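Colleague: kindly return the folded structure for what I paste below:
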Amino acid sequence: SSTFDLNLEHGNDIPIEDRPQSEVTSIQGLAIAPDNCHAINPSFDMTPNELIDAIVCEKGILTAPFNIHIQQLLSK
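Modeller: Presented below is the predicted three-dimensional model:
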């Protein structure tokens, strides 16, 4: 399910949760990386607006300008 936070002006304001590094350094509890290896494992990545052609969600397909079209879609 898609979520949109209309209180944020920029995607850079979205806090990104760090997931446990063990999710990428082991499989089913078995280490697949050296013991001294550290990993960065964000829960999601950020894609700049200019690289996005459309956002497809259960309520419809959004195109630029996203800030206007997201508000219109959510007000339906």
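Colleague: so Q72: helix, strand or coil?
Modeller: helix (DSSP: H, G, I helix; E, B strand; the rest coil).
Colleague: find me the pLDDT at it, would you?
Modeller: For Q72, the model assigns a pLDDT of 92.
Colleague: try S1
Modeller: S1 carries a pLDDT value of 62.
Colleague: try the one 4 residues further on
Modeller: Per-residue confidence for D5 comes out at a pLDDT of 84.
Colleague: same check, this time on I14
Modeller: On the pLDDT scale, I14 gets 88.
Colleague: could you check how far A54 is from I61?
Modeller: 5 Å (CB to CB, to the nearest Å). (Each C-beta comes from the backbone N, C-alpha and C, glycine too.)
Colleague: hmm, I was thinking of S75
Modeller: Taking CB to CB, one finds S75 at 16 Å from I61.
Colleague: comparing those two, which residue is more hemmed in?
Modeller: I61 (11 against 6; other CB atoms under 10 Å).
Colleague: can you tell me the element the more buried one falls in?
Modeller: Per DSSP states H and E, I61 falls inside strand 60-62.
Colleague: overlap of the contact sets of A54 and I61?
Modeller: Taking CB atoms under 8 Å, 6 or more residues apart in numbering as the criterion, A54 and I61 do not both touch any residue.
Colleague: can you give me the strands for the chain?
Modeller: For the chain, the strands defined by DSSP state E cover 26-27, 30-31, 55-57, 60-62.
Colleague: closest one to D5 among these?
Modeller: strand 55-57 (13.7 Å; CB to CB).
Colleague: who touches the closest one?
Modeller: S2, I61, L62, F66, I70.
Colleague: quick check on those residues: which are buried?
Modeller: L62, F66, I70 (16 or more other CB atoms under 10 Å).
Colleague: what residue is smack in the middle of the chain?
Modeller: Nearest to the mean C-alpha position of the chain, by CA atoms, centre = their mean, lies F44 at 3.9 Å.
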